[in-house]
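Chemist: Just the structure for this:
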Amino acid sequence: MNPVECGTPVPLSGHADLIMHAAPEDCASYTHLPRSDETENPKGIPAQPWAARRNPVGIGDPCKEQRRLAHSKGWSMNRIPAAPPNRTATAFVVVLSLGACYPNSPNQPRIMSYIRKISQGLGCWAMAATAALAANSPEASSKFFRSDTGKNFGLKTGPLPDRLDAPGALRWRLPVDSGHSTPVLCGGKIILTTYRDAEKELATVALDQETGRLLWKQVVPTARIEPVHRTGNPAASTPAFDGERLYVFFGSHGLVCYDLDGKKLWHHPLGPFQDEFGSSSSPVLVDDKVILQEDHDLNSFLMAIDRSTGQMVWKTPRPDAVRSYSTPTVWTANGRKQLLVAGALELAGYDPSNGEKLWWVNGLARIVIPIPVAAQDMIYMASWSPGGDSGARIALESWASALGRFDKNKDGKLAKAEVEDAQVLDRFFRMDLDQSGDLIQKEWDRHAEVFRRAQNAVLALKPSGRGDLTEKALLWKHPRGAPYVATPLLDNGILWMVKDLGIVTKLDAVSGRVLSEERVPGIGSYYASPVTGDGKVYFASELGVASIVANQPGWRVISSHDFKEKIYATPVIDRDRIYIRTEKALYCFQGKAAGN
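Modeler: As a prediction, the model looks like this:
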């Protein structure tokens with residue numbers, strides 16, 4: 001505990017209802033709890049009213065004021081706290097020192113022994129109570145994409161399966177419609193979004209977490225379905241949950257709010273956007289707001305919507321941001337919350353209260369899909385897209401050169417039929433910002449600049465200050481192993497990354513040193529992000545191969561399982577269960593106390 005002034009309230013883990021009161025170093029520990037949360041001292045030391053506790057020191061007693069305060073509050077030394085109660089209890093700790101208060105007392109050894117036992121019991125109670133309070137706080141109850149950072153944060157943990165094909169490992173399997181959204185667990189329910197291509201149907205469904213049984217389904221009306229990438233899906237965004245309400249985003253419809261029973265509370269229309277690959281950024285929650293990042297070919301923005309009403313609180317244009325599909329991360333630095341927003345070429349920090357852009361760091365890829373990984377005062381940002389590697393760059397020739405080669409009718413513009421460059425034809429839609437069917441110099445130069453500045457790398461950043469922090473914030477940079485889609489996993493000082501072809505890179509988070517570069521059994525592309533629990537790291541390839549690797553400094557593949565169904569959603573771990581969504585079903589696997 002950091003030094004503080006006598007009597008200063010110090011919140012534990014941000015909870016004002018569990019407080020430490022610090023007093024001078026020469027004073028000792030007294031505790032007070034509501035009577036229903038106490039148990040008799042097993043040593044049987046008799047309770048004594050404070051008035052009967054004579055001061056053996058007399059004049060100049062250094063703890064006189066502390067004893068007066070304790071007496072006025074009714075604090076007692078004859079009881080110790082029991083196990084943390086289900087309801088919120090209030091604990092006060094006054095740090096005193098009986099050695100100073102009673103230096104000549106013949107009972108000092110007995111008292112000091114008793115105080116040590118109190119301190120030990122109180123320490124255990126405080127840690128458990130703090131964890132319980134944190135789990136029940138509004139901040140902890142909020143869930144959205146990667147809010148768990150890919151880890152098992154359940155209060156009750158258990159063994160996770162070593163083998164997904166082991167007898168008894170599969171708890172249940174439920175066929176579901178297609179979709180790329182990661183399931184969200186809330187209030188005993190599993191929430192996910194789905195899409196039926198034949199009916200052009202977008203829906204939100206709720207399943208029972210124990211059995212997988214369908215509880216409700218809500219279909220949203222759509223005038224048209226947004227275009228998506230050939231491997232994409234209109235149900236790509238992961239829902240968010242704040243403990244009471246669900247927030248679901250579809251690029252074809254907008255943001256919808258439901259209660260846990262599926263009743264629609266409000267709808268904020270948005271989309272479709274100018275982007276032939278659609279939208280896949282997911283809503284995140286901070287304070288009383290829902291945050292959406294929409295970076296597309298034109299009119300990119302960051303937006304905050306009031307959770308209760310669905311009304312816009314603020315909207316910040318991002319004029320320099322071209323299409324990207326990352327999701328913001330909530331980061332607390334020096335007691336102040338920020339939104340970490342990764343987009344083409346740049347990572348930036350925004351003030352969630354008003355949308356103000358606070359700082360930025362350049363050096364990202366031209367299309368960014370992984371989300372920032374925050375850890376205390378550090379941020380890890382991995383980004384990769386074709387044409388950004390130092391040995392395989394894509395560059396557009398000058399506008400004058402392009403006109404000389406392709407402008408057959410000499411009108412100073414480039415029609416799609418005139419262009420004979422495959423790199424340009426593949427990107428003609430996104431370059432043609434006004435959708436006129438012709439490229440002009442302004443549109444050409446904008447895209448050429450994006451290619452010129454793009455950098456594929458993993459960055460370790462420590463931002464502090466405002467404005468351009470590109471040089472100041474960078475601690476280390478690693479040019480290899482950055483994933484295209486999957487967000488890295490940070491655990492025990494190791495940054496895990498998986499990229500296409502199943503290449504797993506492990507970096508030391510402090511130095512950026514490569515710990516290992518290996519392959520998991522699943523080949524092909526990787527869209528799902530790695531998750532960890534029970535000493536294991538789980539990977540899932542697009543082709544449907546799930547691999548389990550030991551979470552240790554060395555490299556050991558525990559097992560792999562081929563679902564023979566494509567996987568795009570990130571697995572979710574809760575206690576001793578892992579939920580894996582494929583394009584055809586949702587699976588619930590459970591570990592066993594004994595071997596699988």
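
Chemist: The nearest residue to Ser398 once chain neighbours are set aside is in what secondary structure piece?
Modeler: Closest residue in space to Ser398, ignoring its immediate chain neighbours: Ala448 at 7.9 Å, by Cβ to Cβ, 6 or more residues apart in numbering. Heads up, the C-betas are built off the backbone N, CA and C, glycines and all. For Ala448, the host element (DSSP states H and E) is helix 441-453.

Chemist: That helix packs against which elements?
Modeler: Counting contacts by 3 or more Cβ pairs under 8 Å, 6 or more residues apart in numbering; DSSP states H and E, helix 441-453 is packed against helix 399-406, helix 428-431.

Chemist: And the contacts of the next helix or strand after it?
Modeler: As assigned by DSSP H and E, the chain's next helix or strand after helix 441-453 is strand 457-461. Contacts to strand 457-461, defined as Cβ atoms under 8 Å, 6 or more residues apart in numbering, come from residues 347, 361, 363-364, 378-383, 469, 473-479, 481-482, 488, 495, 497, 507, 509, 512.

Chemist: Would you show me how to pick out the buried ones of the residues you listed in ChimeraX?
Modeler: Restricted to buried positions by 16 or more other Cβ atoms under 10 Å, the ChimeraX selection for the contacts of strand 457-461 reads:
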select :347,361,363,364,378,379,380,381,382,383,469,473,474,476,478,481,482,488,495,497,507,509,512
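
Chemist: Now intersect the contacts of strand 457-461 with the strands, please.
Modeler: Cross-referencing these against strands under DSSP state E gives 347, 361, 378-383, 474-478, 495, 497, 507.

Chemist: Let me know the closest of the residues you listed to Pro521.
Modeler: Nearest to Pro521, judged by Cβ to Cβ, of the ones in strands among the contacts of strand 457-461 is Met497 at 17.1 Å.

Chemist: can I get the CA coordinates of the helix holding Ala448 in CSV?
Modeler: Coordinates of the C-alpha atoms in helix 441-453 are reproduced here as CSV (Å, rounded to 0.1, in the frame of the first residue of the first chain):
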residue,chain,number,x,y,z
GLN,A,441,-6.0,12.8,-59.6
LYS,A,442,-7.3,13.6,-56.1
GLU,A,443,-8.6,10.1,-55.7
TRP,A,444,-5.5,8.4,-57.2
ASP,A,445,-3.1,10.4,-55.0
ARG,A,446,-5.0,9.7,-51.9
HIS,A,447,-4.7,5.9,-52.4
ALA,A,448,-1.1,6.1,-53.5
GLU,A,449,-0.3,7.9,-50.3
VAL,A,450,-1.9,5.2,-48.2
PHE,A,451,0.2,2.5,-50.0
ARG,A,452,3.4,4.7,-49.5
ARG,A,453,2.9,5.1,-45.7
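
Chemist: List the buried residues in it.
Modeler: Glu443, Trp444, His447, Ala448, Val450, Phe451, Arg453.

Chemist: Now the residues you listed in TSV, please, with extra columns for distance to Lys357.
Modeler: Output for the buried residues of helix 441-453, formatted as TSV (distance: Cβ to Cβ, whole Å):
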residue	distance to Lys357
Glu443	25
Trp444	27
His447	23
Ala448	25
Val450	19
Phe451	24
Arg453	18
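
Chemist: any chance of these in TSV, plus pLDDT?
Modeler: Compiled in TSV, the buried residues of helix 441-453 are given as follows (pLDDT from 0 to 100):
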residue	pLDDT
Glu443	96
Trp444	97
His447	95
Ala448	96
Val450	96
Phe451	96
Arg453	96
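
Chemist: Of the residues you listed, which is the nearest to Val313?
Modeler: Scanning these for proximity to Val313, where the rule is Cβ to Cβ, the winner is Val450, at 30.3 Å.

Chemist: count of residues packed around the closest residue to that closest one other than its chain neighbours?
Modeler: Excluding its sequence neighbours, the residue lying closest to Val450 (Cβ to Cβ, 6+ apart) is Arg366, at 4.9 Å. By other Cβ atoms under 10 Å, the residues close to Arg366 number 25.

Chemist: Same check on Thr316?
Modeler: 18.

Chemist: list the buried ones in stretch 358-375?
Modeler: Applying 16+ other Cβ under 10 Å to stretch 358-375 flags 358-361, 363-374 as buried.

Chemist: do stretch 182-198 as well
Modeler: Thr182, Pro183, Val184, Leu185, Cys186, Lys189, Ile190, Ile191, Leu192, Thr193, Thr194, Tyr195.

Chemist: isn't Asn551 right up against Pro530?
Modeler: No - counting by Cβ atoms under 8 Å, Asn551 does not reach Pro530; the two are 10.0 Å apart.

Chemist: what do those two both touch?
Modeler: Both Asn551 and Pro530 are in contact with Val537, where contact means Cβ under 8 Å, 6+ apart.

Chemist: Give me the more crowded residue out of the two.
Modeler: Higher neighbour count among Asn551 and Pro530: Pro530, with 26 against 20, using other Cβ under 10 Å.

Chemist: What are the boundaries of the strands in the stretch 201-350 of the chain?
Modeler: In the stretch 201-350 of the chain, the strands defined using DSSP state E, counting those that start in this stretch lie at 201-208, 214-220, 240-241, 245-250, 254-259, 264-269, 284-286, 289-294, 301-306, 312-317, 329-333, 336-343, 346-350.

Chemist: what is Lys536 paired to in the beta sheet?
Modeler: Gly533, Ala550 (DSSP bridges).

Chemist: Am I right that it is in contact with Ile548?
Modeler: Yes - the criterion here is Cβ under 8 Å, and Lys536 meets it with Ile548 at 5.3 Å.

Chemist: For these two, list the residues in contact with both.
Modeler: The contact lists of Lys536 and Ile548 share Asp162, Ile558, where a contact means Cβ under 8 Å, 6+ apart.
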